[in-house]
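Student: build the 3D model from these lines:
(chains A and B, ligands or ions: 2)
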Amino acid sequence: MSLIDLNNVTKIYGKGKTAVTALKKISLSVNEKEIVIIMGPSGSGKTTLLLVMGGLLKPTMGTVRINSIDITSLSEKQLPKIRKKYFGFVFQSPNLLSSLTAIENVEIALNLAGVNGEKARTRAKTLLEKLGLAERLNHLPSELSGGEQQRVSIARALANNPKIILADEPTANLDSKTGREVTEFLCRIACEEGKGVVIVTHDERIKYIADRILYLEDGKIIREIKTGKKKREWMKHTVETPS
Amino acid sequence: MVSIARRNLFQEKTRFIISITGVAVAIMLILFLSGIFQGFLVLYKSYVLNSGADIWVASDGWRDFHSISMLPRDIISDIKKIDGVRKVDYIILIQSAAFKSGDDEIAAVLVGFNPETGLGGPWKIYKGTADIGQGEVIIDRYLAYKYGLDIGDEIEISSEKLIIAGISEETNLVIYQMIFLREDDASRILNLDGIVTFILVNADNPSEVTKKINEEIPGVAAYTSEEYVEKGFAFMESFNPFLYITAVAGSIVGIAIIGITIYTLTTERLREFGVLKAIGAENNQLYKIVLNQALIVAMTGFFIGVILLEISSAAISMFMPELMIYVTFETLFYTLIASVLMGLASSYLPIKRIAGVDPAIVFKS
Ligand SMILES: Nc1ncnc2c1ncn2[C@@H]1O[C@H](COP(=O)(O)OP(=O)(O)OP(=O)(O)O)[C@@H](O)[C@H]1O
Ligand SMILES: [Mg+2]
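Tutor: Ligands and ions are numbered 1, 2, ... in the order given. Prediction:
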């Protein structure tokens, strides 16, 4: 079953002479338990695509449906609720709140969705433990390594049990080994919980975790490769807790 | 909910302490000035309200505590005839009298009263007696302290020597203090044969009797004690503009301090607010964080300001005992409200900044 459907999505930034067409009539769906990798050169529109999918940017034309709700027709006031319910975001940099500890950074996402107190704390703790951060719960972001910070932000993205994870180069700031470990972890947890994942990356060597790889160029999908077999192999293996 | 507001504020303790101190000092100054003003009023009024009289009769045209009232003593017998009057006596009150103690020339408010009825006499004796005889005087405690006078000492009024027989408390009008002597002594010393300044009356129904006095006796203006203090000290209201200016200036300082603190705190973390927006925070939830921050600073500042006021009042009563800092609950309450309003007002700009944050910025590194 598809979680999200983009239909003929076009995004034009700006107007007149300076207008940039970042997405050109993109149609695409992401299904449950599906992992989609998006690749493409700088400026090809990858981030723009994620923003449109996540209800953070209105497309100029076309529709974005989540659970058959057309989110392009929703108002600014309604969008946060959709984001909380359906999406988990992982950014290039972890973007943690600097004054909150690891566990509080996860709790806050739950709080925003109306989950409070002990319930939020337990859920945050469980997630961080799953991500190998049991010993780091009460550390401030400044006391964590880049990989650890990114794992906290993954826990935050998963906190409200979203349907889809949207990750924009989540490992760009990490060394390639740590980066792959973090990505594997994100996808494994998401997959096990039946979520869809859309992940933008430049790392060719991580392809094996994907069901599909989309190549973007000049705002268009120029190639699509199905790689489901390798992924199923990978899912069978257990992965070590990332360090 | 995890308190982002508190965490953000406490992360930079120095800044937090500086802004709290600023707000506290502003609050303290507002309370302090109003406290001095209220203290004046309390001291001024306490003599009248504790005079034992229900009604004060002055000469027609008497305006306030600083103006002169002169009445013929014979009126007393007329007033006595009025229905409902229980007791009548008179005092001789001279606003700015002077006496000598050794080489010191001392200004004071002089009151001649009748120790038999006690009306208009000292109402709280610290030492000695209120029941003075001829040639005796009671002086205010602060005056005694300031000039090193004590029971048995001698002072001089218009070349007449008087012996201090009592020391009274709460008879301190800040700038002047009161001294009391027998009305017959006062009358003789001041050459006021047959003339008195105020007639004091006890009555079962003061407002009714006051009305009757005003109707039946020409040339007088009678007031209940409450009316008398209202009218007598109404001139104090001319200080109100100063109080308002201080309150407004203090509030502006407070708003500026809280505003700068919260504004820098917000702009430094605009990206973090963008993150919160991206992960689904609604604007109202973010505004609440800002308001929380501002109110924490305002409230903490308020409470520390009250503590500072307590400390400075204690210091003042040590070094300037004639002053009284009197902060009413009403004043405290309004200042608290003002602090809350300061917090709200100073949140306006930061909230506008946050409203304008585009969560998409979070995707740019
Ligand atoms: N806010 C904006 N206003 C105008 N043009 C924009 C804006 N954001 C992106 N663009 C343009 O849209 C195009 C696509 O940008 P986008 O950020 O989606 O690319 P990207 O594939 O994510 O690139 P990168 O790999 O460098 O992150 C680029 O040409 C970019 O200059
Ligand atoms: Mg990008």
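Student: how far out from the middle of the chain is the host helix or strand of B:Arg271?
Tutor: Applying DSSP states H and E as the criterion places B:Arg271 in helix B:270-278. Centroid separation between helix B:270-278 and its chain, computed with Cα atoms, centre = their mean, to the nearest Å, is 49 Å.
Student: CA atoms only: put that helix into CSV for me.
Tutor: Output of helix B:270-278 as CSV, limited to C-alpha atoms (Å, rounded to 0.1, in the frame of the first residue of the first chain):
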residue,chain,number,x,y,z
LEU,B,270,16.2,30.7,15.4
ARG,B,271,17.5,27.5,13.8
GLU,B,272,16.4,25.5,16.8
PHE,B,273,13.0,27.0,16.5
GLY,B,274,13.0,26.1,12.9
VAL,B,275,13.8,22.5,13.8
LEU,B,276,10.9,22.4,16.2
LYS,B,277,8.6,23.8,13.5
ALA,B,278,9.9,21.1,11.1
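Student: any idea of the mean pLDDT in that helix?
Tutor: What helix B:270-278 shows for mean pLDDT is 94.
Student: beyond it, next helix or strand please.
Tutor: helix B:283-319.
Student: give the contact list for A:Met1.
Tutor: A:Met1 makes contact with A:31-32, according to Cβ atoms under 8 Å, 6 or more residues apart in numbering or on different chains. To be clear about C-beta, it is placed using only N, CA and C from the backbone, and glycine gets the same treatment.
Student: could you check the pLDDT of the residue of chain A found nearest chain B?
Tutor: Nearest residue of chain A to chain B (Cβ to the nearest Cβ) works out as A:Lys84 at 3.0 Å. Per-residue pLDDT puts A:Lys84 at 90.
Student: for it, give me its contacts.
Tutor: By Cβ under 8 Å, 6+ apart, the contact set of A:Lys84 is A:112-113, A:160, B:279-280.
Student: what of B:Asp60?
Tutor: B:219-221 are the contacts of B:Asp60 under Cβ under 8 Å, 6+ apart.
Student: change it to 6 Å
Tutor: B:219, B:221 (Cβ atoms under 6 Å, 6 or more residues apart in numbering or on different chains).
Student: give me the contacts around the helix holding B:Arg271.
Tutor: A:89, A:95, A:97, B:286, B:354, B:357, B:359, B:361-362.
Student: spatially central residue in the chain, please.
Tutor: Looking at chain A here, since you left the chain open. Centroid-nearest residue in chain A: A:Leu166, 2.0 Å away (criterion: Cα atoms, centre = their mean).
Student: my bad, the chain I had in mind was chain B
Tutor: B:Gln38 (1.1 Å).
Student: would you confirm that that one contacts B:Tyr326?
Tutor: Yes: between B:Gln38 and B:Tyr326 there is a contact under Cβ atoms under 6 Å: 4.3 Å.
Student: what segments of chain A are strands?
Tutor: Secondary structure of chain A (DSSP state E): strands located at A:2-13, A:20-31, A:35-39, A:61-66, A:69-70, A:87-90, A:164-168, A:196-200, A:212-217, A:220-226.
Student: got JSON lines for the ones you listed, with distance to B:Gly135 and mean pLDDT too?
Tutor: Output for the strands of chain A, formatted as JSON lines (distance: least, Cβ to Cβ, whole Å; pLDDT from 0 to 100):
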{"stretch": "strand A:2-13", "distance to B:Gly135": "101", "mean pLDDT": "94"}
{"stretch": "strand A:20-31", "distance to B:Gly135": "104", "mean pLDDT": "94"}
{"stretch": "strand A:35-39", "distance to B:Gly135": "108", "mean pLDDT": "94"}
{"stretch": "strand A:61-66", "distance to B:Gly135": "101", "mean pLDDT": "95"}
{"stretch": "strand A:69-70", "distance to B:Gly135": "101", "mean pLDDT": "92"}
{"stretch": "strand A:87-90", "distance to B:Gly135": "94", "mean pLDDT": "94"}
{"stretch": "strand A:164-168", "distance to B:Gly135": "99", "mean pLDDT": "94"}
{"stretch": "strand A:196-200", "distance to B:Gly135": "104", "mean pLDDT": "94"}
{"stretch": "strand A:212-217", "distance to B:Gly135": "111", "mean pLDDT": "94"}
{"stretch": "strand A:220-226", "distance to B:Gly135": "114", "mean pLDDT": "92"}
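Student: roughly how far does A:Lys177 sit from A:Leu133?
Tutor: 18 Å (Cβ to Cβ, to the nearest Å).
Student: ok, these two, which is more surrounded?
Tutor: A:Leu133 (24 against 12; other Cβ atoms under 10 Å in any protein chain shown).
Student: quick one on the thing from earlier: and which of the contacts of A:Lys84 is nearest A:Arg65?
Tutor: Among those, B:Gly280 lies closest to A:Arg65 (Cβ to Cβ), at 18.8 Å.
Student: so who does the closest one touch?
Tutor: For B:Gly280, the contact set (Cβ under 6 Å, 6+ apart) comprises A:80, A:83-84, A:112.
Student: in helices only, show me the contacts of helix B:270-278.
Tutor: B:286, B:354 (DSSP state H).
Student: how about the contacts of helix B:270-278, which pair is most distant?
Tutor: Top of the distance list for the contacts of helix B:270-278 (Cβ to Cβ): A:Phe89 and B:Ile354, 18.6 Å.
Student: the two: which is more packed in?
Tutor: A:Phe89 (28 against 23).
Student: would you list the phi and psi of B:Trp62?
Tutor: Note on B:Trp62: its backbone torsions stand at phi -60, psi 130 [degrees, to the nearest 10].
Student: do you know how far the residue lying closest to it once chain neighbours are set aside is from ligand 1?
Tutor: Counting by Cβ to Cβ, 6 or more residues apart in numbering or on different chains, the nearest residue to B:Trp62 once its immediate chain neighbours are dropped is B:Ser69, at 4.4 Å. Distance from B:Ser69 to ligand 1, counting by Cβ to the nearest ligand atom, to the nearest Å: 82 Å.
Student: I'd guess B:Ser69 is in a strand, am I close?
Tutor: No: with DSSP: H, G, I helix; E, B strand; the rest coil as the criterion, B:Ser69 is coil rather than part of a strand.
Student: that one: how many residues sit nearby?
Tutor: B:Ser69 - counted by other Cβ under 10 Å - has 19 other residues nearby.
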